[in-house]
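Student: build the 3D model from these lines:
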Amino acid sequence: MKKKVLIIYTGGTIGMKKTDKGYAPVAGFLGEAISAIEDMKSDGAPLWDLHEMSPLLDSSDITLKEWNKIAGVIYDNYSAYDGFVVLHGTDTMAYTASALSFMLHGLDKPVVLTGSQIPLSEIRSDGRDNLITSLLIAADGVANEVCLYFSGKLIRGNRAVKMSADRLVAFDSPNYPHLADVGISIKYNYSALEKPGGKKFEMRPFRDLPIGVLKVFPGIQFSLFESIMTDKLSGIVLETFGAGNIPSDSGALIPIISRAFENGTVITVCSQCPSGTVSLGAYEASSALKAAGAVSGYDMTTEAAVAKLYYLFSLDLTVDEIKHYMEQNLRGEMTV
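Tutor: The predicted structure is shown next:
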């Protein structure tokens, strides 16, 4: 019996149409473009249905609301399909992939995010291969986790980083091996895949909470950010230098971090370096962060850290529990 895959289109370049104002997602247009691809009807292709979200959005407009909607579509249709392909704009695809990896608990079917740098309707589009290969991966039932496929690379969703705005090889996972490399055949890296845990499949939506990201740079005046560090801020991802280092700025940041911690804000330290890990306390410049109550994001991407904060705060855990789990590997998002 043929496998069956649900394609969920959220918007993004792959299904955009050229208009007087530039490329834009247009309802119904992607279905026409896919139907024109003969390979989608071949004997080697799985059966598929298309679910088009409404409204279709450029990925820069994707929010927590859309994450919950996408996860909800997968949850509602979980028993009817062997796998899922989520077509998404590239700008925030890594954020959505990270969010879905935490929302979909006990997943035992592939959920593959993909898209393109050139619209499917254009002659040189990379979308055709990305779509067809993602469809085959979703039907294979080997990578039973949230992953991202792009230009020959299958990547764990919460390890993905967008590396280029204009190259066809747009994504990579600097801190984790590829789940598969695709050439003439799909070569799965079985040792890198998530092992099935035998847990019941559940969808855990995110609550709309104030989460922030602060990128450290030379000469930063931390006092300018003091006003956002209130008890209304649930969590913040602090992108530091190297292994977790920050400029001293006359010690201005540490009192702010301490006060935020006392207010119940969880500060997670990630590195600005694409590759490597945070090691709080390894250098004097980072030891103060640890002493002030910040937690280490180790080698998590900023995208994964943001999604993980949303996830843990949505579980109604205590601040201490959230701090504990931020430093634990939950979905293959970090190497501790």
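
Student: what stretches of the stretch 101-250 of the chain score poorly on pLDDT?
Tutor: For the stretch 101-250 of the chain, applying pLDDT under 70 flags the ranges 248-250.

Student: now the strands for it?
Tutor: When assigned using DSSP state E, counting those that start in this stretch, the strands of the stretch 101-250 of the chain occupy the ranges 104-105, 111-114, 146-150, 153-156, 161-162, 171-172, 180-182, 186-188, 202-203, 211-215, 235-240.

Student: neighbours of M300, just the number please.
Tutor: Other residues lying near M300 total 29 when counted by other Cβ atoms under 10 Å. No exception for glycine: its C-beta is placed from N, CA and C like everyone else's.

Student: got a list of what it touches?
Tutor: Contacts for M300 (Cβ atoms under 8 Å, 6 or more residues apart in numbering) come out as N158, T268, C270, K308, E333, M334.

Student: widest-spaced pair of these?
Tutor: N158 and T268 (14.0 Å; Cβ to Cβ).

Student: more crowded one of those two?
Tutor: N158 (31 against 27).

Student: find the nearest non-adjacent residue to W48, please.
Tutor: V5 (4.7 Å; Cβ to Cβ, 6 or more residues apart in numbering).

Student: pLDDT at the one you found, what is it?
Tutor: You'll see V5 listed with a pLDDT of 98.

Student: what's the helix or strand for it?
Tutor: strand 4-9 (DSSP states H and E).

Student: buried residues, that strand. List them.
Tutor: Across strand 4-9, burial judged by 16 or more other Cβ atoms under 10 Å covers V5, L6, I7, I8, Y9.

Student: and stretch 300-317, by the same measure?
Tutor: So, applying 16+ other Cβ under 10 Å, buried residues of stretch 300-317: 300-314.

Student: per the record, what domains does the protein have?
Tutor: Listed domain ranges for the chain are 4-203, 211-326 (source: automatic domain parsing).

Student: so which elements touch the host helix or strand of V86?
Tutor: Taking DSSP H and E as the criterion, V86 maps to strand 83-87. Packing contacts for strand 83-87, counted by 3 or more Cβ pairs under 8 Å, 6 or more residues apart in numbering; DSSP states H and E, involve strand 4-9, strand 111-114, helix 127-140.

Student: partner strands of that strand, with direction?
Tutor: As defined by DSSP bridges, the strand partners of strand 83-87 come to strand 4-9 (parallel), strand 111-114 (parallel).

Student: run through the neighbouring helices and strands of the following helix or strand past the longest one.
Tutor: Moving toward the C-terminus from strand 4-9, the next helix or strand (DSSP H and E) is strand 16-19. Counting contacts by 3+ Cβ pairs under 8 Å, 6+ apart, strand 16-19 packs against strand 22-25.

Student: pull out the buried residues from the strand it packs on.
Tutor: Using 16+ other Cβ under 10 Å as the test for burial, strand 22-25 gives Y23, P25.

Student: give me the mean pLDDT for it.
Tutor: The model assigns strand 22-25 a mean pLDDT of 79.

Student: CA atoms of that strand as CSV?
Tutor: The C-alpha trace of strand 22-25 is given here as CSV (Å, rounded to 0.1, in the frame of the first residue of the first chain):
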residue,chain,number,x,y,z
GLY,A,22,7.1,41.6,-6.3
TYR,A,23,6.7,38.0,-5.2
ALA,A,24,3.9,37.3,-2.8
PRO,A,25,2.0,34.2,-1.6
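
Student: this protein: helices as residue ranges?
Tutor: 29-35, 64-76, 93-103, 127-140, 253-262, 284-291, 302-314, 319-326 (DSSP state H).

Student: the third one vs helix 64-76, what angle?
Tutor: Relative orientation of helix 93-103 with respect to helix 64-76: 50 degrees, computed using axes from the mean of the first three to the mean of the last three Cα atoms, to 10 degrees.

Student: and helix 93-103, how far out from the chain middle?
Tutor: Taking Cα atoms, centre = their mean, to the nearest Å, one finds helix 93-103 lying 3 Å from the centre of the chain it belongs to.

Student: same question, the shortest one
Tutor: Here the centre of mass of C-alpha atoms in helix 29-35, compared against the chain's by Cα atoms, centre = their mean, lies 26 Å away.

Student: which residues are in contact with it?
Tutor: Contacts of helix 29-35 (Cβ under 8 Å, 6+ apart): 7, 9, 14-17, 40, 50, 52, 87, 120-121, 131.

Student: may I ask which of those residues has the most neighbours?
Tutor: Result: G15 is most packed of the contacts of helix 29-35 (other Cβ under 10 Å), 31 neighbours.

Student: ok, that one touching A27?
Tutor: No. Contact criterion Cβ atoms under 8 Å: G15 and A27 do not qualify, at 9.7 Å.
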